[in-house]
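> from the sequence below, what's the structure:
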Amino acid sequence: MQRTLARACEIHPEEVRATLASFSLVLVLMGSYYLLRPLRDAMASDWTDAEVSWLWTFNFFFSAIAVSLYGTAISKVRIERLVPTVYGFFAASFVAFYVATQIVADRTLIDKSFYVWISVFSLFHISVFWSFMSDTFSKPQAKRLFGFIGAGASIGAIGGPAIAAAVAGFAGTDPLLLIASALIVLTLPIVLWIQRLKEAEMHNRDVSAKPGDLQYIGGNPLSGFVDFLKSPYLLGIALFIFLYTVISSFVYFELKNLLADYSRAERSQIWAMMDLVVNILTLVIAAFATGRMAKYMGLPFTLASVPVAIGLGMLVLAAAPMVAVVVAIQIARRAGNYAISRPAREMLFTAVDRDLRFKAKPVIDIVVYRGGDMLSGWAFTGLTTLGLGMGAMAAVGAGIAALWAGVGIYLGRQFNRMQGTIEEQPEAA
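Below is the predicted model:
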């Protein structure tokens with residue numbers, strides 16, 4: 001087994017079991033989330049644009065509050081106790097949602113609560129996992145093994161939508177709640193096993209995640225505001241993310257409205273198949289293209305590539321407003337973000353010092369991202385209320401994508417200056 005794993009990463013004999021257990025843990029966690037994500041997105045077609053905009057507003061406030069509370073908890077509760085508690089709580093919550101769907105006649109409030117709750121779950125399931133990994137592996141081990149362990153997330157992200165599409169086709173969507181809950185319960189013995197392996201085989205008794213090491217997952221989202229507002233570079237990153245959320249909202253709302261004529265089970269299958277295609281494309285592009293693109297074409301080109309592609313897609317949609325075009329843009333947007341824009345965006349943070357990076361990241365990742373969702377959702381609702389159709393909205397989206405690309409080029413050039421790069425990059429220009 002060690003010889004087989006050595007082809008993927010530099011692994012020592014005493015690390016084999018803990019590494020495989022961690023790989024399995026993140027695979028199951030990501031599978032459980034992507035099992036429920038299509039169900040959440042399918043619900044949105046039952047509601048008006050204004051109703052979804054209100055839900056996104058609740059997402060913003062609940063996410064900020066939840067992450068603040070978690071940042072407080074992780075500074076006071078040992079991680080080995082916190083991890084099974086958090087996962088057990090979410091597993092129980094999904095069982096409660098299933099029971100509620102079976103006994104409540106009018107499911108509207110239950111469905112909307114679930115829609116918001118999944119957004120909270122999405123903040124925690126992987127964040128808690130990586131906190132746990134920081135408490136299990138030493139820093140030298142993390143450099144060697146975390147890449148391989150993280151690949152389990154990609155496999156889970158592929159398997160979850162495949163299961164959702166299959167189950168929704170013959171059993172409806174409600175059983176997905178119980179399946180996801182069972183998967184999360186399955187993580188509890190894996191967590192306990194990893195905790196035993198930490199000391200019994202890896203002898204990492206002294207390894208312990210400190211609150212300062214975990215600020216990237218939480219803390220008070222207001223703590224980094226002062227430094228964030230003083231930095232034009234960080235403000236540029238925030239604008240890049242904000243423009244991404246505007247495009248995301250446009251595509252999401254258009255797709256939501258176009259799928260309104262389908263049943264919820266059919267919508268779940270469509271969303272699940274899109275998730276499946278997105279995650280397969282992400283795995284392929286990230287493995288074979290992203291690194292080469294950043295190295296040979298430069299960061300300005302890499303950051304601008306996805307916005308330019310989406311802008312061209314918007315122009316096609318303006319000329320031919322069809323469901324297939326919206327689906328294609330949605331797949332390209334998400335796969336491009338996960339495989340290209342997100343890794344390139346994370347590279348931008350390496351140009352600032354560690355303290356500033358950790359304090360500003362919660363502000364950007366939570367306040368800006370969720371706030372962008374909220375504001376762009378209401379903007380879309382307002383524009384459609386004024387009578388703008390899909391073609392006109394697509395033209396507006398193309399203009400926003402052009403601005404998004406310009407910000408990406410600016411950030412890439414600023415990064416090069418901050419890193420002391422002086423070579424010309426004619427391709428990016």
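> backbone phi and psi for the residue nearest the centre of the chain, please?
By C-alpha atoms, centre = their mean, the chain has its centre lying nearest to residue 122, at 7.2 Å. Here is the backbone geometry of residue 122 (degrees, to the nearest 10): phi -60, psi -30.
> quick one: it and residue 34 touch, right?
No - Residue 122 is beyond contact range of residue 34, at 10.1 Å (criterion: C-beta atoms under 8 Å). Using the backbone N, CA and C atoms, a C-beta is placed for each residue, glycine as well.
> residue 256 versus residue 276, what's the distance?
19 Å (C-beta to C-beta, to the nearest Å).
> whoops, residue 42 was the one
9 Å.
> which of those two has more neighbours?
residue 42 (26 against 21; other C-beta atoms under 10 Å).
> show me how far the helix or strand encompassing residue 93 is from its chain's centre.
Per DSSP states H and E: residue 93 is located in helix 79-103. Distance of helix 79-103 from the chain centroid (C-alpha atoms, centre = their mean, to the nearest Å) equals 20 Å.
> neighbours around residue 307, how many?
Residue 307 has 26 nearby residues by other C-beta under 10 Å.
> for residue 352, that is, sorry about that
Counted with other C-beta under 10 Å, the neighbours of residue 352 add up to 17.
> what sits against it?
231, 233-234, 360, 418 (C-beta atoms under 8 Å, 6 or more residues apart in numbering).
> likewise residue 395?
314-315, 318.
> restricted to buried residues, select the residues you listed in PyMOL.
Applying 16 or more other C-beta atoms under 10 Å to the contacts of residue 395, the buried members can be selected in PyMOL as follows:
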select buried, resi 314+318
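> for the contacts of residue 395, which one is nearest residue 404?
residue 314 (10.9 Å; C-beta to C-beta).
> backbone dihedrals for the closest one, please?
Per-residue torsions, residue 314: phi -60, psi -40 (degrees, to the nearest 10).
> from what I see, it and residue 329 are in contact.
Yes - taking C-beta under 8 Å as the definition, residue 314 is a contact partner of residue 329 at 7.1 Å.
> got the domain ranges for this protein?
Following automatic domain parsing, the chain resolves into domains at 1-220, 222-417.
> could I get these in TSV, plus columns for mean pLDDT?
Output for the domains of the chain, formatted as TSV (pLDDT from 0 to 100):
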stretch	mean pLDDT
domain 1-220	83
domain 222-417	86
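> counting contacts, what elements does the helix or strand harbouring residue 28 pack onto?
Remark: residue 28 resides in helix 16-43, with elements defined by DSSP H and E. Counting contacts by 3 or more C-beta pairs under 8 Å, 6 or more residues apart in numbering; DSSP states H and E, helix 16-43 packs against helix 2-6, helix 108-136, helix 139-171, helix 175-200, helix 264-285.
> just after it, pick out the following helix or strand.
For helix 16-43, the following helix or strand on the C-terminal side (DSSP H and E) is helix 49-74.
> now the helices for the stretch 251-400 of the chain?
264-285, 291-292, 299-319, 323-336, 342-348, 354-362, 369-385, 390-418 (DSSP state H, counting those that start in this stretch).
> still on that earlier bit, now the contacts of residue 352: which count as buried?
Neighbour-count burial (16+ other C-beta under 10 Å) applied to the contacts of residue 352 gives 233-234, 360.
> go ahead and confirm residue 129 touches residue 26.
Yes - look at residue 129 against residue 26 with C-beta under 8 Å: they come within range, at 5.4 Å.
> tell me what the helix holding residue 93 is packed against?
The contact analysis (3+ C-beta pairs under 8 Å, 6+ apart) places helix 79-103 against helix 108-136, helix 175-200.
> picking up where we left off before, Throw the contacts of residue 395 into TSV and include distance to residue 302, thanks.
Formatted as TSV, these follow (distance: C-beta to C-beta, whole Å):
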residue	distance to residue 302
314	20
315	22
318	26
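> for the contacts of residue 395, which one is nearest residue 133?
Closest approach between the contacts of residue 395 and residue 133, by C-beta to C-beta: residue 314, at 39.0 Å.
> follow-up on the earlier one: output the helices of the stretch 251-400 of the chain as a markdown table; include the columns distance to residue 79.
Output for those, formatted as a markdown table (distance: least, C-beta to C-beta, whole Å):
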| stretch | distance to residue 79 |
| --- | --- |
| helix 264-285 | 28 |
| helix 291-292 | 32 |
| helix 299-319 | 34 |
| helix 323-336 | 31 |
| helix 342-348 | 23 |
| helix 354-362 | 17 |
| helix 369-385 | 25 |
| helix 390-418 | 33 |
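> hang on, the earlier thing: what angle sits between the helix holding residue 28 and helix 175-200?
Angle of helix 16-43 versus helix 175-200, following axes from the mean of the first three to the mean of the last three C-alpha atoms, to 10 degrees, is 160 degrees.
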